[in-house]
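Peer 1: sequence below, structure please.
(one chain, ligands or ions: 1)
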Amino acid sequence: MLWIPGPTEVRPEILAECARPMIGHRSKACTDLIDRLNPGLRFAFGLQSDSTATVAVHTCSATGLMEAALRGAGPRILSVVGGAFAKRWGEIAISLGKQVVILDVEWGRAVAPADLRRCLEEHGPFDAVTLVSNETSTGTRTDLGSVSDVLDDFPGTQLFVDLVSYIAGAPVDFDVNRLDFGLAGVQKAFALPPGIGVCCVSERYLEGARKATNRGFYLDPVSFIDGHTKNKTPSTPAIGLYYALAKQLEDISSGATLPKCDAGKTGAAAWQARFAKHKRMQERTATWATSHNLELLPPMAEASPTVSCIRAGHVDVAAFAAALKTKGFEISNGYGPLKGATFRIGHMGDHTEAGLETLLQAADEALGEL
Ligand SMILES: Cc1ncc(COP(=O)(O)O)c(C=O)c1O
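Peer 2: This next block holds a predicted model:
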């Protein structure tokens, strides 16, 4: 069973949606299918009922949507980098010829609002700030509220946020946190097979993007977002994954994926209950780590609700992961420079608290054997 930080386990009902008979992508059946996605996506991005933001889906992974976001952006980018995926934002911006300033943050820490403010003041003005809400490489969550508070004083600067391992695991509050481009793949807390990406954009992002030149073709944000608004796609979409996403969004909204204690919750309450489940699983994992004299890489207040990154301490990570694998459970070694120094448990998506207990019991046994 996959307890890595994504792709995560996919329910059989969702896999079955991927195996439905094909339909033409210009058919009414397909426009109806695209239409089914919007209500659930609006919940996932936490849009208010009067929100003017637009949700969209594209057939590419999250990295494709990072590139798409930047293709519609102005030239001056501030990239907040505290981990491997945040670094990717900066690399893509540089590859597109943007003028990029990197604000380096210690891996395992969220950006301090005062540092962000200082950088905006000293090196700005910027057209956009890029950051990662939940750095999968370090298990660190950045509080979007504290970032948007700073950006309130820089009204010309847009906010682009990678929500890859965050959305559907914790509240995004796109409008309240004044995001301009939020994006994610679907193989993390949405618990789908990988292959499509979801995004949400502000009105001002779209206005700016329409004026941007050299937006490319496949990753032109205006093309696929305008297409989605008309229930169309500019090229052939991954139809099986669209079916899977429609069912998963509807199942989350109807409360079908919730534990018994949350029975009867639907709509926004069901989404909140899903977020609360992730938080409980994070707390349980942290308690388990403490019981083995291990600690999280980030401070508890900045710990990710979906990915626990635990300092290895006395544990031989490779041997521990191998022992767990023989018991049927997969976890991840640390990412890049953190390999061997940390290990990561992905408690996201449709994983249950009962399932987490079986993992932690196996982890106890594995550590005992080592
Ligand atoms: C936070 C974050 N951003 C971006 C990505 C890249 O996603 P993809 O490989 O689906 O393009 C990942 C993948 O793990 C991620 O965890």
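Peer 1: could you report the neighbour count for the residue in the stretch 251-370 of the chain that the ligand sits nearest to?
Peer 2: Closest residue of the stretch 251-370 of the chain to the ligand, Cβ to the nearest ligand atom: Val307 (8.1 Å). In short, each C-beta sits where N, CA and C put it, glycine included. Counted with other Cβ atoms under 10 Å, the neighbours of Val307 add up to 30.
Peer 1: surely it meets Thr342?
Peer 2: No. With contact defined as Cβ atoms under 8 Å, Val307 and Thr342 do not form a contacting pair (10.8 Å).
Peer 1: where does the stretch 1-150 of the chain dip in pLDDT?
Peer 2: The model of the stretch 1-150 of the chain has no residue with pLDDT under 70.
Peer 1: got a list of what Gln225 touches?
Peer 2: Wrong residue type there; residue 225 is Ile, not Gln. 54, 56, 199, 201, 206 (Cβ atoms under 8 Å, 6 or more residues apart in numbering).
Peer 1: on the pLDDT front, check it for me.
Peer 2: Note on Ile225: pLDDT of 98.
Peer 1: which element is it on?
Peer 2: helix 221-229 (DSSP states H and E).
Peer 1: how about that helix: buried residues?
Peer 2: 221-228 (16 or more other Cβ atoms under 10 Å).
Peer 1: likewise for stretch 49-59?
Peer 2: 51, 53-59.
Peer 1: could you work out the end-to-end span of it for me?
Peer 2: The straight-line separation of the ends of stretch 49-59 (Cα to Cα, to the nearest Å) is 27 Å.
Peer 1: domain parsing for this structure?
Peer 2: For the chain, automatic domain parsing gives the domain ranges 13-251, 260-369.
Peer 1: is the ligand within reach of the first one?
Peer 2: What that stands for is domain 13-251. Yes. Contact between domain 13-251 and the ligand, assessed by Cβ under 6 Å from any ligand atom, occurs at 61-63, 85, 132, 136, 162, 164-165, 185, 194.
Peer 1: now render these as CSV, adding neighbour count, distance to Thr266 and secondary structure.
Peer 2: Output for those, formatted as CSV (neighbours: other Cβ atoms under 10 Å; distance: Cβ to Cβ, whole Å; DSSP: H, G, I helix; E, B strand; the rest coil):
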residue, neighbour count, distance to Thr266, secondary structure
Ser61, 17, 31, coil
Ala62, 25, 28, helix
Thr63, 17, 34, helix
Phe85, 22, 33, helix
Val132, 30, 31, strand
Thr136, 27, 30, coil
Asp162, 28, 29, strand
Val164, 29, 26, coil
Ser165, 33, 25, coil
Gly185, 25, 26, strand
Pro194, 16, 28, coil
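Peer 1: between the residues you listed, which sits nearest Thr352?
Peer 2: Ser165 (18.3 Å; Cβ to Cβ).
Peer 1: which residues in the stretch 251-370 of the chain form helices?
Peer 2: 267-291, 317-326, 353-369 (DSSP state H, counting those that start in this stretch).
Peer 1: please work out which of those helices is packed deepest.
Peer 2: The highest average neighbour count among those, using mean count of other Cβ atoms under 10 Å, belongs to helix 267-291 at a mean of 17.
Peer 1: who does it touch, helix- and strand-wise?
Peer 2: helix 28-44, helix 239-254, strand 307-311, helix 353-369 (3 or more Cβ pairs under 8 Å, 6 or more residues apart in numbering; DSSP states H and E).
Peer 1: compare the domains of the chain and give me the one nearest Met1.
Peer 2: So among the domains of the chain, domain 260-369 is nearest, using Cβ to Cβ, at 5.6 Å.
Peer 1: end-to-end on that closest one?
Peer 2: 34 Å.
Peer 1: what's the answer for stretch 323-330, then?
Peer 2: 10 Å.
Peer 1: sorry, back to before: chain center to the helix holding Ile225: distance?
Peer 2: 21 Å (Cα atoms, centre = their mean, to the nearest Å).
Peer 1: before we move on, what about stretch 297-304?
Peer 2: Centroid separation for stretch 297-304 versus its chain: 17 Å, with Cα atoms, centre = their mean.
Peer 1: give the rounded mean pLDDT of that stretch.
Peer 2: 98.
Peer 1: and that stretch, anywhere near the ligand?
Peer 2: No. Judged by Cβ under 6 Å from any ligand atom, stretch 297-304 and the ligand are separated, with a smallest distance of 9.8 Å.
Peer 1: next, the buried residues of that stretch.
Peer 2: Buried-residue list, stretch 297-304, by 16+ other Cβ under 10 Å: 297-298, 302-304.
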